[in-house]
Every structure is written in structure tokens, then in C-alpha cells.
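1. Sequence below, structure please.
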Amino acid sequence: MKQIIIFGTGQTSEAISHYFETIGNIKIAAYCLDGDYITSDKFLRKPIISLEDISKEFANENYDIFVAIGYKKLNKIREEKLLDLQKLGYKAINFIHPDSHIANANLIGDNILILEKNVIQPNVTIGNNTYIWSGNHIGHHSQIGSNCYISSHVVISGSTTIGDNSFIGVNATIRDNINISNNNIIGASSLIMKDTERDSVFQEKGTEKSKVKSFRISF
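-> Next up, the predicted model:
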């Protein structure tokens, strides 16, 4: 594998860099940002290059890329930066953690991230530029769209469709044979039992604070 350049210098990039170097044995040559956002010349002891200058210093035939940006604006920033780099001729890699159980999933596209402890059952399709963080269950014959972000401990039951540019929060559960439309936000601990409409938001209320003070409770 070629050395890679990672776009992004936030916490997502730092976490992904750890997986790449310690698990994937992937050598990171540099990091990249839009020029206006560069405030330092290094990140994790590697040089930072502007998107505007990347082709001058790192030829696309010698380096692959990975866009390590989270779910802001429903993953659209990650989508835009991937397209910018692809237009410059760079190929994005996929990363699949070896400690996930994946049964003949069909990965369509590039910049796909699948971290540890995921169970992905047979005949699942995963779209371009989608992140699946750690510890999820994705049921058989499900289709995960492009530019999605699935957090941790999510249950997506069988034959479910997740639309493009959607975010699925921690501990969310989606029943089987459900269609989640594009640009949906499924908040933490949400339970989805029927099809959703485009641009929908589902949000569970947080646990209410008790009126009893902690020092009054004995364990």
C-alpha cells in the first residue's frame, strides 16, 4: 500500500490515525487542511499541507488519501472534501478493523471506515464514504447509504435501508424492514418502528435529574 495523507486534524483524525498505524500498519506521510484553517505546521509530528498545495508536494501517483472528518452538517463536509481530493486524482482507501465480523458485505466506494467489534451479517451493502464506529449490529440484507455515520452500539435489524447523509446515534435501534430516508438524524437511544421521511430528526429525552441529593442515598 502507498503512504497516505489524511485530511483533517481533529479528534476524529487523531483516533483514526491510531487505528491506521497500530492496527493497519499504514504509514501516514502528512495531514491536509484547507489553507485558511492551518494554524500549525505539524499534527501528530507529521507535516500539515494545504489542500491548495497538496499536488505540488505529494503527487497522486505516490500517495493515497483518507478523509477523517466526523458527522458535522450530516457528513456533508466529509463528502465535499473527499470529492475535492478525488478531483485532484487521489484515491481514498477503506479501513476495516480485523476485530469485526463481516459476512460477505458489499462495500461500494471509498473512504469507508469500519471499526472494531461490529457484527455485519450476510448480504449487507455499505455505501461510499460511510463510517461505522465500534460495536454495532447490522442485520442481513440491509443497505447503508453513502456519506453516513453510525455511532456505537446501534442495532440495525435485517432488510433495513439507511438513506444517504444520515446520522445514527449511540444505542439507537431500528426495526427490521424499515426505510430511513436521506438526511435523517436518529438520536441516541431512539427506537424507530416505521419508515421515516427525508430530513427527519428523532430525539429521545435525556434522563431527568432526581430531586434527591446523592448524599441521601445509601448503596
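
2. For the nearest residue in space to Val124 that is not next to it in sequence, which residues are in contact?
-> Nearest non-adjacent residue to Val124, counting by CB to CB, 6 or more residues apart in numbering: Ala105, 4.6 Å away. C-beta: built from backbone N, CA, C; applies to glycine. The contact partners of Ala105, taken as CB atoms under 8 Å, 6 or more residues apart in numbering, are 120, 124-126.

3. Those in strands, which ones?
-> Using DSSP state E, the subset of these located in strands is 120, 125-126.

4. now the helices: where do they sit in this protein?
-> Ranges of helices in the chain, per DSSP state H, are 11-22, 54-57, 76-87.

5. most neighbours per residue, which of these?
-> Per-stretch averages of neighbours, counted by mean count of other CB atoms under 10 Å, single out helix 76-87 among the helices of the chain, with a mean of 18.

6. now that helix, how far from the centre of its chain.
-> 14 Å (CA atoms, centre = their mean, to the nearest Å).

7. so what's Ser146 up against?
-> Per CB under 8 Å, 6+ apart, neighbours of Ser146: 79, 108-109, 127-130, 164-165.

8. again, but for Asp41
-> Residues near Asp41 by CB under 8 Å, 6+ apart: 47-48.

9. State the pLDDT value of the residue nearest to the spatial centre of the chain.
-> Taking CA atoms, centre = their mean, the centroid of the chain lies closest to Tyr131, which sits 2.3 Å from it. With respect to pLDDT, Tyr131 scores 98.

10. In this structure it contacts Tyr149, no?
-> Yes: look at Tyr131 against Tyr149 with CB atoms under 8 Å: they come within range, at 4.8 Å.

11. which residues do these two both contact?
-> Residues touching both Tyr131 and Tyr149 (CB under 8 Å, 6+ apart): 70-71, 75.
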